[in-house]
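>>> the following block contains a protein sequence and its predicted model.
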Amino acid sequence: MSSAVAEAAAPAVAPFSPSTPAPPPRRATAVAWRLVRATSVIVAFLALWEVAPRVGLVDKVFLPPFSEVVEAWFALAANGQLWEHVSASLSRALAGLLVAIAVSIPLGVAIAWYRPVAEFLNPLLELFRNTAALALLPVFVLILGIGETSKVALVIYASSFPILLNTISGVRMVDPLLVKSARSLGLSPIRLFQKVILPAAVPTIFTGLRMAAASSILVLIAAEMVGAKAGLGYLITASQLNFQIPNMYAGIVTIALVGVAFNGVLVAIEDRLSGWRHTT
C-alpha cells in the first residue's frame, strides 16, 4: 500500500525523445541578448544624432545630421583620402604598439618574478607612470623632431605602461599551488613560464593590451593634430580649419571604428589563447 502511494505521489517524468529539441545554450543566448542591447543603444544614439539637427535642438552648421556625415565619409573613401589618412595612422599606431609589447611583457615578467629587478626599477616606474604622455609631446618633438619618429615614440610611451603594469599584476596573481605543482613535476624555469605562468596571466595581460591599444590611438591623434601631413588627427584638424564639418565628423567616426576593430582583434586573439578557460 505504501509503495503504491509513493508511486502515485512521485512526479511524472516524460520519457526522453530524440526528436525533442534541446534548449539553446545559455552562453549563446546571453551573447545574443548583449548584442541586441548594444545594437539598440547605438541605433538610438545615431537616430538622435540624425534628428536633433533637423528639428533645431542643435545648430546644423556645427553638428550636421548623421546622414551627411555618412555621405562625407563615402566621398572621402571614394577619392582615396580616407585610406591615406587611415593607413598613416595605423602604421604609426601598430609600430608603436608592437614595440611596446616586445619590451613591456618581458620586462613585466622580470619585475614580477625577480625581486631585485622590481626593487631596482620600481622608483623609476612610479615616476613615469604618473606622467601623462601628452605632457611629454613637446619633449619628444624637441628631441626627435616633428616627423614620424616622435609620433611612434609617443605611442610606445603611452602603450608601455598599461601592458607593463597588467603583466606584473597577472604574473603575481598566478596561483602559488600551480607553481608548486609544476615544480614538483620537475619543470624547468623556461617550461614553467611557458606552461603555467604565461597561460594563467594571459587574461590580465590582454586587459593591458586593450588599454594600450586605446591609448595608442588617443595619443597618436593628438600628436597628428600638432604636426603631421597625413593621418586621422590631421584630417580632423584640417577639416575644422577649412570649416568642412561633415569631413571632420567623418574622421571622428573613423577613429571610433578603428578603435572598435583594434579591440575586436585583441578579444579574438585572447579567446584563442585562453580557450582552456571555457572548457574547464
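Arrived safely.
>>> make it CA atoms for all contacts and neighbour counts henceforth
Fine.
>>> helix, strand or coil for residue 56?
coil (DSSP: H, G, I helix; E, B strand; the rest coil).
>>> export stretch 110-120 as CSV, just CAs?
Provided in CSV are the C-alpha atoms of stretch 110-120 (Å, rounded to 0.1, in the frame of the first residue of the first chain):
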residue,chain,number,x,y,z
ALA,A,110,61.1,40.1,-14.9
ILE,A,111,59.8,42.7,-12.5
ALA,A,112,57.1,40.4,-11.2
TRP,A,113,59.3,37.3,-10.8
TYR,A,114,62.6,38.7,-9.7
ARG,A,115,62.6,40.8,-6.6
PRO,A,116,65.9,42.6,-7.2
VAL,A,117,64.7,43.8,-10.6
ALA,A,118,61.5,45.1,-9.0
GLU,A,119,63.3,46.9,-6.2
PHE,A,120,65.7,48.5,-8.8
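>>> quick one: contacts of that stretch?
121, 167-169, 171-172 (C-alpha atoms under 8 Å, 6 or more residues apart in numbering).
>>> and stretch 227-236, by the same measure?
Identification of contacts with stretch 227-236 by C-alpha under 8 Å, 6+ apart yields 84-89, 146-147, 220-225, 247-249, 251-252, 254-255.
>>> 7 Å - rerun?
By C-alpha atoms under 7 Å, 6 or more residues apart in numbering, the residues outside stretch 227-236 that reach it are 85-86, 88-89, 146, 221-222, 224-225, 248, 251.
>>> where are the low-confidence patches of the chain?
Scanning the chain for pLDDT under 70 picks out the ranges 1-27, 31, 274-280.
>>> can you rerun that using 80?
Scanning the chain for pLDDT under 80 picks out the ranges 1-38, 127, 130, 178-179, 182-191, 193-195, 226-228, 270-280.
>>> helices along the protein, start to end?
Listed in chain order, the helices of the chain (DSSP state H) span 2-9, 26-54, 66-78, 81-113, 115-129, 137-144, 148-172, 176-184, 189-192, 198-226, 232-241, 245-273.
>>> can you tell me which of the ones you listed is packed in deepest?
helix 148-172 (a mean of 24; mean count of other C-alpha atoms under 10 Å).
>>> now do stretch 219-231: distance to the chain's middle.
Counting by C-alpha atoms, centre = their mean, to the nearest Å, stretch 219-231 is centred 21 Å from the centre of its parent chain.
>>> alpha carbons of that stretch, as PDB, please.
C-alpha atoms of stretch 219-231 as PDB (Å, rounded to 0.1, in the frame of the first residue of the first chain):
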ATOM      1  CA  VAL A 219      47.800  60.000 -28.100                       C
ATOM      2  CA  LEU A 220      48.500  59.500 -31.800                       C
ATOM      3  CA  ILE A 221      45.500  61.500 -32.900                       C
ATOM      4  CA  ALA A 222      46.700  64.300 -30.600                       C
ATOM      5  CA  ALA A 223      50.200  64.100 -32.000                       C
ATOM      6  CA  GLU A 224      48.900  64.200 -35.500                       C
ATOM      7  CA  MET A 225      46.900  67.300 -34.700                       C
ATOM      8  CA  VAL A 226      50.100  69.200 -33.700                       C
ATOM      9  CA  GLY A 227      52.400  68.400 -36.700                       C
ATOM     10  CA  ALA A 228      51.600  65.900 -39.500                       C
ATOM     11  CA  LYS A 229      50.800  65.900 -43.200                       C
ATOM     12  CA  ALA A 230      48.700  62.800 -43.100                       C
ATOM     13  CA  GLY A 231      46.700  60.800 -40.500                       C
END
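>>> give the contact list for the spatially most central residue of the chain.
Central residue of the chain (C-alpha atoms, centre = their mean): residue 210, 2.9 Å from the mean position. By C-alpha under 7 Å, 6+ apart, the contact set of residue 210 is 263, 266.
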